[in-house]
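Enquirer: when you get a sec, could you give me coordinates for this:
(2 chains)
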Amino acid sequence: MVVLVTGAYGGIGRNICFSYLQQDTTLIITGRDIDKLEALATELRQSSNISIHAVAADVNDEVQVAALFKQIASQFKRLDILVHCAGVLTQKLLMLTKLTDMQNDINTNLLSSIVFCQQASKLMTRNKQGVIILMSSIIASQGSAGQSVYGASKAGVEGLVKSLAKELGSLGIRINALAPGVINTELVAELDEQQKMQLAQKTCLKRLGEADDISPVVQFLSSRGAGYITGQVIAVDGGLAL
Amino acid sequence: MTDQKKLMDIFATALELPLSEINDNLKYNDDKRWDSTAHMILIAQLETEFDLMFDIDDIIDMSSFLQAKLILKKYNAALSL
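Expert: Next up, the predicted model:
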């Protein structure tokens, strides 16, 4: 089984990478910073003897993305699972947001999801099977002041999932998204403890999420047990949206 | 097997057409069996059998059997036109 994880050294991506170590997997990890990737690859290899490949690529660079998929095609001849974790959040009121920041959010969160789906589905079609898991956010459906562009980009991801599920289903490819709530990663690191506590109190479970809460859902969606699930957005938010 | 024969076999398999119907006049969407889904399967089989990856522009431009031969020649397939 060949698995590609983007945004691999981010909080959620890293945890997802470790969750694939217990399986018969060839794991390809990607991100912009080769040093961080290699450090993660070293950690992963210390925990498992599965095949791990670190390939640096900027998800916003179409040449680098095409090269990544050409390498996967030539080296492994297949791709079974794509987990696209790469993402960015610009936390600003819209009136204070520069066009370049808007473009960065849209390109990194939405356009890269589209391009990765295009490339991955092409490879998966060779074997008429595959699983694509994208990252949305609870902000896509609930909104949040200061996150309008981010929310718009994630709402786009959810639209992408639903249309692509219809497009790719007959080719044996399933696509779903996760909509995490407030997860205790670098994306919420700038919040102070009081803000974090206030957010935790808004959830049914009275706590922030952890990356550990995300990876089991990714594993489930990757598994045969989820073989009849496609086109869904699964909230992993401790009941924040209720 | 020649690349020409391999290409014809792939078209016949992917589009579920008899070999006798694979010729330069075969065009995307002219035959109802060459629809968008069959096109994706065709592209996947061509990439697998010829061990290459098409640029997206070439996938979009592959609108006939003749066009497929022209595009594959760019990727060094030995095809007669």
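Enquirer: the helices in chain A, which residues?
Expert: A:11-19, A:34-47, A:62-76, A:99-105, A:112-125, A:138-142, A:148-168, A:193-202, A:211-222 (DSSP state H).
Enquirer: so in chain A, which strand runs the longest?
Expert: Secondary structure of chain A per DSSP state E: the longest strand is strand A:173-180.
Enquirer: for that strand, name the packing helices and strands.
Expert: If you count contacts as 3 or more Cβ pairs under 8 Å, 6 or more residues apart in numbering or on different chains; DSSP states H and E, strand A:173-180 packs onto helix A:112-125, strand A:130-135, helix A:138-142, helix A:148-168, helix A:211-222, strand A:233-236. The way it works is simple: take the backbone N, C-alpha and C, and place the C-beta from them, glycine included.
Enquirer: for chain B, give me its nearest residue in chain A.
Expert: For chain A, the residue closest to chain B is residue A:125, as judged by Cβ to the nearest Cβ, at 3.8 Å.
Enquirer: that residue contacts residue A:171, doesn't it?
Expert: Yes. The pair residue A:125 / residue A:171 is scored as a contact, 5.2 Å apart, by Cβ atoms under 8 Å.
Enquirer: which one's more surrounded, the two?
Expert: The residue with more neighbours, out of residue A:125 and residue A:171, is residue A:125; 23 against 18, by other Cβ atoms under 10 Å in any protein chain shown.
Enquirer: what residues are up against residue A:149?
Expert: A:90, A:94, A:97, A:101-102, A:105-106 (Cβ atoms under 8 Å, 6 or more residues apart in numbering or on different chains).
Enquirer: ok so, going back, joint contacts of residue A:125 and residue A:171?
Expert: B:40-41.
Enquirer: tell me the pLDDT of residue B:78.
Expert: Listed pLDDT for residue B:78 reads 69.
Enquirer: hang on, I meant residue A:192
Expert: Reported pLDDT for residue A:192: 84.
Enquirer: what comes up buried for the helix or strand of chain A with the lowest mean pLDDT?
Expert: The weakest-scoring helix or strand in chain A, judged by mean pLDDT, DSSP states H and E, is helix A:193-202 (a mean of 90). Neighbour counts over helix A:193-202 (16 or more other Cβ atoms under 10 Å in any protein chain shown) mark A:196, A:199-200 as buried.
Enquirer: now, which of these sits nearest residue B:12?
Expert: Ranked by distance to residue B:12 (Cβ to Cβ), the buried residues of helix A:193-202 are led by residue A:199 at 59.0 Å.
Enquirer: in chain B, which helix is the longest?
Expert: helix B:36-50.
Enquirer: show me what it is packed up against.
Expert: Against helix B:36-50 (3+ Cβ pairs under 8 Å, 6+ apart) you get helix A:112-125, helix B:3-15, helix B:65-74.
Enquirer: and the contacts of the longest one?
Expert: Spelled out, that is helix A:112-125. A:4, A:6, A:59-60, A:62, A:65-66, A:68-69, A:72-73, A:78-80, A:82, A:84, A:86, A:130, A:132, A:134, A:156-157, A:160, A:164, A:168, A:171-173, A:175, B:40-41, B:43-44, B:47, B:53, B:56, B:59.
Enquirer: can you list the residues of chain B near chain A?
Expert: Proximity of chain B to chain A (Cβ under 8 Å from any Cβ of the partner chain) is limited to residues B:37, B:40-41, B:43-45, B:47-48, B:51, B:53, B:55-56, B:59.
Enquirer: now render these as a markdown table, adding distance to residue A:16, neighbour count and pLDDT.
Expert: Below are the residues of chain B next to chain A laid out as a markdown table (distance: Cβ to Cβ, whole Å; neighbours: other Cβ atoms under 10 Å in any protein chain shown; pLDDT from 0 to 100):
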| residue | distance to residue A:16 | neighbour count | pLDDT |
| --- | --- | --- | --- |
| B:37 | 31 | 13 | 91 |
| B:40 | 28 | 20 | 94 |
| B:41 | 30 | 19 | 94 |
| B:43 | 29 | 20 | 95 |
| B:44 | 27 | 21 | 94 |
| B:45 | 31 | 17 | 94 |
| B:47 | 28 | 20 | 93 |
| B:48 | 28 | 17 | 91 |
| B:51 | 30 | 11 | 88 |
| B:53 | 26 | 20 | 90 |
| B:55 | 30 | 12 | 90 |
| B:56 | 28 | 13 | 90 |
| B:59 | 30 | 18 | 94 |
